[in-house]
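Visitor: One predicted model, sequence on top.
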Amino acid sequence: MNTGAKLFLLWLSLLCALAYGTATSALAQRTARKTPRPPVVAQPAPLAARPVADKLAPAGWMRYEIGDPVRLSLLLPGEPVATADRVSLMPGTSGLQRSYMSVRDSGVYGLTYLEGLPAALLQETWKREFFAGFAKEFAGTIQTSLKARGTDVRLTMSEPRAATAGGLIGYEQDFSYGTLMGRVKMVFDGANAYAVVAVWNGLSSSSERSAFFDSLQVNATR
């Protein structure tokens, strides 16, 4: 399979993970129980992402501002695919999840953020566990998708570590599938969580990745 085809399949895997695979945290798994299905409600629409110039952007990248007024922005290598959905965070509690993802030859780069985290998840101990569940499920979903397409690779994950982005604090974790590398960085702002994610190959440069992971800007809630 050529590199372009592999990246396209990886893009599809990441889209699945961002849109559907991050709804269940370790906390939700521990407290899960059978509950009646909620009534069908209208699905939220993605917020528009607008490109703006940024002199710090790597060649071919742009800063994308999300929301009107702008809620957040980050550097991406192209116009992102945007999704929005309501997801279960804990039994009886849902949150709004929005995702933005972009692909280029060096890999896939994106952001997903959750609004309306329950009070139980705002304690520091639960934030770490929520992040760990998010990162594990994100990385595992991609591994499962790659395996289903004939690429049986072993997933390796580092230990979570403290991290910052956009003036907010949280955690980050690296992972790999053979020669493919990835990272999830999640920071918290009140009842919101922002996850900057990427999977890259040998064409990615360290300066490109640093610019991406350091680029998140958030209009923090007050």
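Guide: Nice, thanks for sending it over. Numbers count the residues shown, from 1 in each chain.

Visitor: which SSE is the closest residue to A120 other than its chain neighbours in?
Guide: Computed as Cβ to Cβ, 6 or more residues apart in numbering, the closest residue to A120 that is not its neighbour in sequence is W126, at 5.9 Å. In this view, the C-beta of every residue, glycine as well, is placed from N, C-alpha and C. Here W126 sits within helix 124-148, counting by DSSP states H and E.

Visitor: Going by neighbour count, which residues of the helix or strand that that helix is followed by are buried?
Guide: On the C-terminal side of helix 124-148, the nearest following helix or strand under DSSP H and E is strand 155-157. By 16 or more other Cβ atoms under 10 Å, the buried positions in strand 155-157 come out as L155, M157.

Visitor: Can you name every helix or strand that strand 155-157 contacts?
Guide: Packing partners of strand 155-157 (3 or more Cβ pairs under 8 Å, 6 or more residues apart in numbering; DSSP states H and E): helix 124-148, strand 168-177.

Visitor: for the ones you listed, which one sits closest to S206?
Guide: strand 168-177 (13.0 Å; Cβ to Cβ).

Visitor: Report the rounded mean pLDDT for the longest strand anywhere in the chain.
Guide: The single longest strand within the chain, with elements called by DSSP state E, is strand 93-104. Strand 93-104 shows a mean pLDDT of 88.

Visitor: got the residue ranges for the strands in this protein?
Guide: Using DSSP E, strands in the chain cover 49-52, 62-66, 72-76, 81-90, 93-104, 107-115, 155-157, 161-165, 168-177, 180-189, 192-200, 217-218.

Visitor: Okay, now the sheet partners of the shortest one, with direction.
Guide: Same thing as strand 217-218. strand 72-76 (antiparallel) (DSSP bridges).

Visitor: Next, the angle from the strand it pairs with to strand 192-200.
Guide: On the basis of axes from the mean of the first three to the mean of the last three Cα atoms, to 10 degrees, strand 72-76 is oriented at 0 degrees to strand 192-200.
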